[in-house]
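S.K.: Below is the sequence, then the predicted model.
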Amino acid sequence: MASGWTGDGAVQDQIQDSINDEVARARRNLPKGESLSHCEECGEEIPQARRDALPGVRLCIVCQQEADKEQQAVSLYNRRGSKDSQLR
């Protein structure tokens, strides 16, 4: 009985792959190393309190907010295609 339906397993696999991709992306974006004293984007001083709270910080708050907006816009795009195309 071949109806073209791949079953719930394929959908669950796609969901799990999406979660794994997002976790890997988040880990790649975690700050590493010593914090910078000045923002690598605009050159403004990064306050000591921010450097203490977030070891490895590289951006000031304003530049970090912009980077977060850009990343969110990219992450809204579903590069795997629609659910319907995955289930054919």
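M.R.: Noted; the coordinates are in hand.
S.K.: Distance-wise, check Gln64 relative to Arg58.
M.R.: For Gln64, the distance to Arg58 under the criterion CB to CB, to the nearest Å works out to 9 Å. Bear in mind the C-beta positions are built from the backbone N, C-alpha and C, glycine included.
S.K.: repeat for Ala10
M.R.: Taking CB to CB as the measure, Ala10 falls 39 Å from Arg58.
S.K.: Would you mind telling me which of the two has more residues around it?
M.R.: Summary of the neighbour comparison: Ala10 and Arg58, criterion other CB atoms under 10 Å, with Arg58 having more neighbours (19 against 13).
S.K.: The more buried one is in contact with Leu36, isn't it?
M.R.: Yes. Using CB atoms under 8 Å, Arg58 makes contact with Leu36 at a distance of 5.3 Å.
S.K.: Identify, by residue count, the longest helix of this protein.
M.R.: In the chain, ranked by residue count with DSSP state H as the criterion, the top helix is helix 8-29.
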